[in-house]
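S.K.: task: produce atomic coordinates for the following.
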Amino acid sequence: MSARGKARKRALDILYSADMRGEQLLDALDRVVEAGDGPTNDYTAVLVRGVAEHASRIDELLSTYSEGWTLSRMPAVDRNVLRLGVYELMYADDVPDAVAVSEAIALVRDLSTDESPTFVNGVLGAIVKGKPATA
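M.R.: Modelled structure (predicted):
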């Protein structure tokens, strides 16, 4: 697994933990750092802070593009992988869309249900198609 792949996995751990505890993302990141379990790769913190900063827009996009699924109905792993994927698609200019999608699929393939890779691919693919082109 690449360094960024490990950073994504660690960021997912923090997002998932915060989601399950009902904790703010930045508080969860601080808790992990204070416990001495902080990110060893700076990209982990970039991802967590980015998702926190853009959380309302990210969740709005997920609600729009995940036809028939509310955020609360999604498996928690899928919901948080999608949040990471949307952050990378919309705000991480140095990550190609195809990489953001394939990395998200890899995470759910390893950590979620058998149906999750198809679901995540469909949602992120729809967001990519709806993404405004930049010149």
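S.K.: which residues sit against the helix or strand of the chain with the lowest mean pLDDT?
M.R.: When the helices and strands of the chain are scored by mean pLDDT, DSSP states H and E, helix 25-34 comes last with a mean of 90. Helix 25-34 has contacts (Cβ atoms under 8 Å, 6 or more residues apart in numbering) with 14-15, 17-18, 21, 23, 38-39, 45, 48-49, 51-52, 55. For the C-beta atoms, the positions are set from N, CA and C on the backbone; glycine is no exception.
S.K.: need the buried ones from the residues you listed selected in ChimeraX.
M.R.: Buried subset of the contacts of helix 25-34, written as a ChimeraX selection, criterion 16 or more other Cβ atoms under 10 Å:
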select :14,15,17,18,39,45,48,51,52
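S.K.: just flag the most distant two among the contacts of helix 25-34.
M.R.: Farthest-apart pair in those is Gly38 and Ala55; separation 20.9 Å (Cβ to Cβ).
S.K.: got a list of what Asp78 touches?
M.R.: Residues near Asp78 by Cβ under 8 Å, 6+ apart: Val108, Ser112, Thr113, Ser116, Phe119, Val120.
S.K.: all set now, cheers.
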